[in-house]
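Enquirer: Okay, structure incoming, though there's no sequence with it:
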C-alpha cells in the first residue's frame, strides 16, 4: 500500500514540476484541438446526417464510454492499480458532474459540431478561456479579481470571435453558434466543480465516473430517440478510438495538471487548441485555411488568451 501511495505522490510531484506541466499542457491542448476535426470526420465515416441528433448522441456516448476504459488503463499504467472508487455523497457528486460536464455539455457540443465548420466552431469554443476569467471574478471574489490586463484580453479575444463570424456562420447555422456557446458555458462552470472533487477523491476515479456515467447517458438518450451507428469500417473504428484516446488521456492529464498547478500556469496554453483545430480542419476535412476571418480571429484569440493569463502568473512568481 505504501508503494502505491508513493507512486501516486511521485506522479503529483511530476505534474507539479513547472517545466513538465508546461509541456504537457501544450500537448493536452493540441490533443483537444484535434478533437473537432476528428468528430466531423467521424460523422462522415459513419454517414451521420447533421440533422440526426439521436445518432450523434450515440456516437458521442460510445466515444466517452471507451474513453472511461482508457482512464482505468491509465491508472494501472501510471499508479500500478485501479483507482479507488468514491462512495456515498462523493460518488453521487461524481455522477452529477458526469451528467453536467459530459452529458449536457457534449450533447450541445456534438450538435454544434454537426452545424459548424471545424475552424469556426473551434474559434467559437475558445471563448471558454475568457468566460472562465469572467466567471472567476464573481465566483472567487478577491482571490481572482478582474484586472485591466484580463479585461483587455477578454475584449480582444471576444473581438476575434466576432471577426470569425463576419459573413460566416459555419453553413449559415445560428443554432450551431448558440449550441456551441451553451456548451462552452457548461464546460467553464464545470471547471471549479471538477477541481473541488479531485481534491477529495482519486483523480482517475473522478475521470472514470465522469466519462462513463456521462457517456452512458448520452448513448441511452440517443438510442431511445432512435439513433444508431452504422457503416462500421476500419477507418471509422480508428477514428472512434482516436477520439476515445483524446478524451481519456486528456481528462487524466488535465485533472492531474489542475490538481497540482496554479490555473494560470497551464491555462495560458489554451491558445494551442484553436490553432491546431484550424490547421487540422484544413488538413483532414479540406476546409479553407487562409480565410481572412479565421486568420484574424486566431491572432486576436491567441493574444487574448495570453493577456488574461499573463498577470496572474507574475503574481504567483512574486509570492
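Expert: Okay, I see it. Please read all numbers here as calculations on a predicted model, not as lab measurements.
Enquirer: Let me see the ranges of the helices in the stretch 51-200 of the chain.
Expert: Using DSSP state H, counting those that start in this stretch, the helices of the stretch 51-200 of the chain run over 53-79, 88-97, 105-115, 118-125, 127-140, 148-165, 174-198.
Enquirer: Would you single out the least confident of those helices?
Expert: Here the helices of the stretch 51-200 of the chain differ in mean pLDDT, and the lowest is helix 127-140 at a mean of 69.
Enquirer: Pick the most deeply packed of the helices of the stretch 51-200 of the chain.
Expert: When the helices of the stretch 51-200 of the chain are scored by mean count of other CB atoms under 10 Å, the highest mean neighbour count falls to helix 118-125 (a mean of 28). For every residue, glycine as well, the C-beta is placed using N, CA and C.
Enquirer: just checking, what packs against that helix?
Expert: For helix 118-125, the packing partners by 3 or more CB pairs under 8 Å, 6 or more residues apart in numbering; DSSP states H and E come out as helix 18-45, helix 105-115, helix 148-165, helix 174-198, helix 272-285, helix 292-318.
Enquirer: what's the average pLDDT for the longest one?
Expert: Across helix 18-45, pLDDT averages out at 89.
Enquirer: Pull out the buried residues from it.
Expert: 21-22, 24-25, 28-43, 45 (16 or more other CB atoms under 10 Å).
Enquirer: same thing with stretch 213-223?
Expert: Neighbour-count burial for stretch 213-223, counted by 16+ other CB under 10 Å, picks out 213, 214, 215, 216, 217, 218, 219, 221, 222, 223.
Enquirer: and if you look at stretch 243-254?
Expert: Quick answer for stretch 243-254 (16+ other CB under 10 Å): 243, 244, 246, 247, 248, 249, 250, 251, 252, 253, 254.
Enquirer: what's it in contact with?
Expert: By CB atoms under 8 Å, 6 or more residues apart in numbering, the surrounding residues in contact with stretch 243-254 are 24, 27-28, 31-32, 34-35, 38-39, 42, 63-64, 66-71, 73-74, 78, 203-204, 207, 210-211.
Enquirer: next one: stretch 192-208
Expert: Identification of contacts with stretch 192-208 by CB under 8 Å, 6+ apart yields 68, 71-72, 74-75, 79, 83-86, 90, 93-94, 97, 100-101, 139, 210, 248, 251-252, 255-256, 258-259.
Enquirer: Can I get the helices and strands packed on helix 118-125 in JSON lines including distance to residue 134?
Expert: Output for the helices and strands packed on helix 118-125, formatted as JSON lines (distance: least, CB to CB, whole Å):
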{"stretch": "helix 18-45", "distance to residue 134": "20"}
{"stretch": "helix 105-115", "distance to residue 134": "18"}
{"stretch": "helix 148-165", "distance to residue 134": "6"}
{"stretch": "helix 174-198", "distance to residue 134": "9"}
{"stretch": "helix 272-285", "distance to residue 134": "18"}
{"stretch": "helix 292-318", "distance to residue 134": "9"}
